[in-house]
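Student: sequence first, then the predicted structure:
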Amino acid sequence: MIDPQIVRDAIPYALNDTHFEGLGKRLSGKVRDIYLQPGHRLLIATDRLSAFDRIIAAIPFKGQVLNQLSGWWFEQTSDVVANHVLDIPDPNVTVGRECQALAVEVVVRGYITGVTDTALWTLYNDGVNKPYGLDLPPGLMKNDKLPEPVITPTTKGGEGEHDERLSSDEVVSKGLMSASRWQEVREAALEIFRRGQERAQAAGLILVDTKYEFGTLDGKLVLIDEIHTPDSSRYWIADSYAADHAAGREPEGLDKEYIRRWLKAQGYTGEGPVPAPPADVVTELATRYIGAYERLTGRTFVPGTQPAGARIDAALARYRS
């Protein structure tokens, strides 16, 4: 595990390492900066944290963790569905094939949890009949394991907008995807999630839920964006889950929920100025992200030290032609 002092020393650097100019047409910048280059997408991982759809702080090495962990997961699941990755020439850079993103993202859930007004647990607890069209058994408690993983599709909301939650039937009836393509997406998502659960269990973690984004390339389904990272997935620590659950506590985890809980403790509800977390909170979150990477991959995390400008220029030079 990385020395927390290394993380603390990197905080000032991370705060100044979040914007890159002159790299082409920018498509998105919530967790990764994405730029179009001829024939491919250049994804530049940054040390930014998004929570409640707001960028609130720079988290040292967060971008590198997401980038490298996603790359590792793409390798583990490439026999299930192809992906967009061409190369990861630097800890901070992924070069992906340019592809057409599907209109629907897929959330797969193995446990019933969440606190927002659209969370599966909230709807279920409020007595909503068949939330998102799902048939759930009676008597579930918050943070219970579901009998089997369930899928809740969603559209991707624009800036300042919430995602639209859908049922599987609505994906087809609204013309967002053909029935055959939707079946292909469902099967791929469930198998990738199963792989993720197995690997998490071997690492002493529980993969609770996750989000997948798919696209098409030459008419074929491909997996894009990032997968099974502490930003896109919820990971609980297996050894403490049973005791936490029995005591009615939120299970301890290695993911973004740590900062969400901190924000709620400050009284932040998603509106108004976002509290800036102090150095100890930033350090703890970075350490948890790195811990997730090391547990899942079995590798020791080694921070990249090349200056931002140099590493991005090198990636561009390699893939400009």
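Tutor: Perfect, thanks for sending it. Residues are numbered from 1 along each chain as shown.

Student: tell me the secondary structure of residue 216, please.
Tutor: With DSSP: H, G, I helix; E, B strand; the rest coil as the basis, the three-state label of residue 216 is strand.

Student: surely it and residue 103 touch.
Tutor: No: with contacts counted by C-beta atoms under 8 Å, residue 216 stays clear of residue 103, the gap being 11.1 Å. All C-beta spots, glycine's among them, are computed from the backbone N, C-alpha and C.

Student: so how far is stretch 200-213 off the chain centroid?
Tutor: Chain-centre distance of stretch 200-213: 11 Å, with C-alpha atoms, centre = their mean, to the nearest Å.

Student: what's the answer for stretch 98-108, then?
Tutor: 13 Å.

Student: list the buried residues of that stretch.
Tutor: Neighbour-count burial for stretch 98-108, counted by 16 or more other C-beta atoms under 10 Å, picks out 99, 101-102, 104-108.

Student: mind giving me a markdown table with the residues you listed and columns for secondary structure, pLDDT and distance to residue 185?
Tutor: Below are those laid out as a markdown table (DSSP: H, G, I helix; E, B strand; the rest coil; pLDDT from 0 to 100; distance: C-beta to C-beta, whole Å):
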| residue | secondary structure | pLDDT | distance to residue 185 |
| --- | --- | --- | --- |
| 99 | coil | 85 | 14 |
| 101 | strand | 88 | 12 |
| 102 | strand | 93 | 7 |
| 104 | strand | 94 | 7 |
| 105 | strand | 93 | 10 |
| 106 | strand | 95 | 6 |
| 107 | strand | 95 | 12 |
| 108 | strand | 97 | 11 |
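
Student: from those, pick the one nearest residue 242.
Tutor: Nearest to residue 242 among these is residue 108, at 22.6 Å by C-beta to C-beta.

Student: the closest one against residue 148, yeah?
Tutor: No: Residue 108 lies out of contact with residue 148 (C-beta under 8 Å); the separation is 10.6 Å.

Student: against which helices or strands is the helix or strand that contains residue 192 packed?
Tutor: Assigned by DSSP states H and E, residue 192 falls within helix 179-202. On a contact count with 3 or more C-beta pairs under 8 Å, 6 or more residues apart in numbering; DSSP states H and E, helix 179-202 meets helix 62-77, strand 100-111, strand 145-155, helix 168-173, strand 205-217, strand 220-224.

Student: try 6 Å this time
Tutor: Other elements packing on helix 179-202 under the criterion 3 or more C-beta pairs under 6 Å, 6 or more residues apart in numbering; DSSP states H and E are strand 100-111, helix 168-173, strand 205-217.

Student: now that helix: how far from the chain's centre is it?
Tutor: For helix 179-202 - counting by C-alpha atoms, centre = their mean - the centre lies 15 Å from the chain centre.

Student: quick one: average confidence on it?
Tutor: Averaged over helix 179-202, pLDDT sits at 98.

Student: make 559 the first number, not 1, from now on.
Tutor: Noted, 559 is the first residue going forward, which turns the last one into helix 737-760.

Student: quick check: buried residues in that helix?
Tutor: 739-740, 742-744, 746-748, 750-751, 753-755, 757-758.

Student: what sits up against that helix?
Tutor: Contacts to helix 737-760, defined as C-beta atoms under 6 Å, 6 or more residues apart in numbering, come from residues 635, 638-639, 664, 666, 707, 729-730, 765, 770, 772, 779, 786.

Student: and those, which is closest to residue 560?
Tutor: Taking C-beta to C-beta as the measure, residue 560 lies nearest residue 786 of these, at 20.1 Å.

Student: was I right to think that closest one contacts residue 631?
Tutor: Yes: between residue 786 and residue 631 a contact is recorded at 4.6 Å, counting by C-beta atoms under 6 Å.

Student: and these two? Which one has more around it.
Tutor: residue 786 (27 against 24; other C-beta atoms under 10 Å).

Student: lowest-pLDDT helix or strand in the chain?
Tutor: Across the helices and strands of the chain, mean pLDDT, DSSP states H and E gives its lowest value to strand 583-586, namely a mean of 49.

Student: one step back: export the contacts of helix 737-760 to TSV and tack on distance to residue 676?
Tutor: Shown next, in TSV, are the contacts of helix 737-760 (distance: C-beta to C-beta, whole Å):
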residue	distance to residue 676
635	28
638	28
639	27
664	16
666	16
707	19
729	17
730	21
765	21
770	18
772	22
779	27
786	23
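
Student: I'm done for today, thanks for sticking with me.
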